[in-house]
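Undergrad: curious how this folds, go ahead:
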Amino acid sequence: MYLPFRVSVLRSERITPNFQRVTFTGVDQMGPARVTRDLRIKIILPGPPGLPDLPESPEAIHVRRALPADERGIMRTYSVRDFRRPEDPDQGTQDRAELDIDFVLHTDEHGHSGPASRWAEEAKPGDELYVIAPSIDDDSGAGIEFSPGDCKTVQLYGDETALPAIAKTLSEWPEGTIGEAFIEVPTEADKQSIDAPAGVRIHWLVRESDNADHGDLLISALEAAAPIAQSGSEPSDQLKLDVPADGASAMVWETPQFSRSGEDLTPVEHAEADDVYYWIAGESGAVTAMRRLLVQQRGVPRQCVSFMGYWKKGVAHKG
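TA: Numbering: from 1, shown residues only. Here you go, the predicted model:
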C-alpha cells in the first residue's frame, strides 16, 4: 500500500557536478517491508501556494486530483538511492530512518532546469515535500521491476537517471548471481563510489570523454555484450517495439509482467539459470533501441528483460 509521507530535508549536498543528494527524515513508517532495489517512488514538490494538505492514507492521490491544478504541487517520479533504518546493523546510534534521493540536475538546450532540479539545488534543512511510497509492512513488491527470476547472470544498463536504482539494486544483490553494470554519465566527475558485490563488474561510460549523444554508449555496450539468442529463442519481427501512435510522449515500459505498448504477454517457457536477464532504464528513445536490439534482433526471451523509459528527450515528463 502506497502512502504519502510528509518528509523534511536533513541535509542537501552536491555530490558530483550533475547530482544533488538530498537526505530526508520523516520516513520511519516507510517501506517496503523487504528489499528496496529499483523501487519507484513519487515526490510532490511545493507549488506556488506551498504543499497541499493530504491525508496519510491511500486516498491522498484522489484528494490531490480533486484540488485546483495550481494547488496540487508538482509530482515527479524518482528511485531510492539509499534508505537507512535504525535497526539496520551498520547504522550505529542512528535513531530515525533516513532516505536519500539523488536528483540529476537536468538542463535543456537553453540552460533551463526542471522544477525538481531547481528545488533540489536550493533545498535546505527543514524544507518539506511529500514522498509517496510503500508502507513499512508492504511486501507486495509494487514499484520494483528488477525481477531476474531463475537467471543467474544479470546485466544492468542505465544512464544517470538510472544510476540511483542501479546502485541500490547492487547493494541488495541476489545471492549466487553474477553480472555487469553499465552506467552512462555526463562527465568523468559524475562517477560515483559504488560497492560492487562479488561477481559483478561496473563499467562507467562517459559521454563527455567520447563526445557521444545521450544513450549511444549504452547501445554500443549492449551490442557488444548481447548474445545472438538464448534458450532456443529466435529473433522476431512481430513485436510491438514502439509506443502507440497516440502516445508520442509516452515512455516505453516493458517488463516480464507488464507491457505499456500492449504487447501480448502470454506466458512462454520459464527463464533458465544459464539465460541472461537484462535490466535497462534511462532515456526512452535509447531504451526503445536497446529493446529492439535484444528482443527483435538477438532473440532474447521477453521474460528475461525489463525496459523502463525514465524520461524522454524533448518531453517534459509529469508525474
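Undergrad: helix or strand: which one has residue 99?
TA: strand 98-104 (DSSP states H and E).
Undergrad: mind checking how far the helix or strand following that strand is from the chain centre?
TA: Helices and strands here follow DSSP H and E; after strand 98-104, the next one along the chain is helix 115-122. What separates the centre of helix 115-122 from the centre of its chain is 18 Å, taken as C-alpha atoms, centre = their mean, to the nearest Å.
Undergrad: which other residues reach helix 115-122?
TA: With C-beta atoms under 8 Å, 6 or more residues apart in numbering as the test, helix 115-122 has contacts from 12, 20, 22, 43, 45-46, 74, 76, 78, 103-107, 113, 129. For the C-beta atoms, the positions are set from N, CA and C on the backbone; glycine is no exception.
Undergrad: closest to residue 294 among those residues?
TA: Set against residue 294, the nearest of the contacts of helix 115-122 by C-beta to C-beta is residue 104 (25.0 Å).
Undergrad: contacts only, for the closest one.
TA: By C-beta under 8 Å, 6+ apart, the neighbours of residue 104 are 18-19, 117, 160-161.
Undergrad: cutoff 10 Å now
TA: 16, 18-20, 78, 113-114, 116-117, 120, 159-164, 185-186, 190, 310-311 (C-beta atoms under 10 Å, 6 or more residues apart in numbering).
Undergrad: hey, what's it bridged with?
TA: residue 19 (DSSP bridges).
Undergrad: quick check: pLDDT value at it.
TA: pLDDT, residue 104: 97.
Undergrad: before we move on, the earlier item: got the CA positions of the strand holding residue 99 in CSV?
TA: Listed next in CSV are the C-alpha coordinates belonging to strand 98-104 (Å, rounded to 0.1, in the frame of the first residue of the first chain):
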residue,chain,number,x,y,z
GLU,A,98,16.8,8.4,6.6
LEU,A,99,16.0,8.4,2.8
ASP,A,100,18.5,9.6,0.2
ILE,A,101,17.2,10.8,-3.2
ASP,A,102,19.8,11.7,-5.9
PHE,A,103,18.5,14.5,-8.2
VAL,A,104,20.0,14.7,-11.7
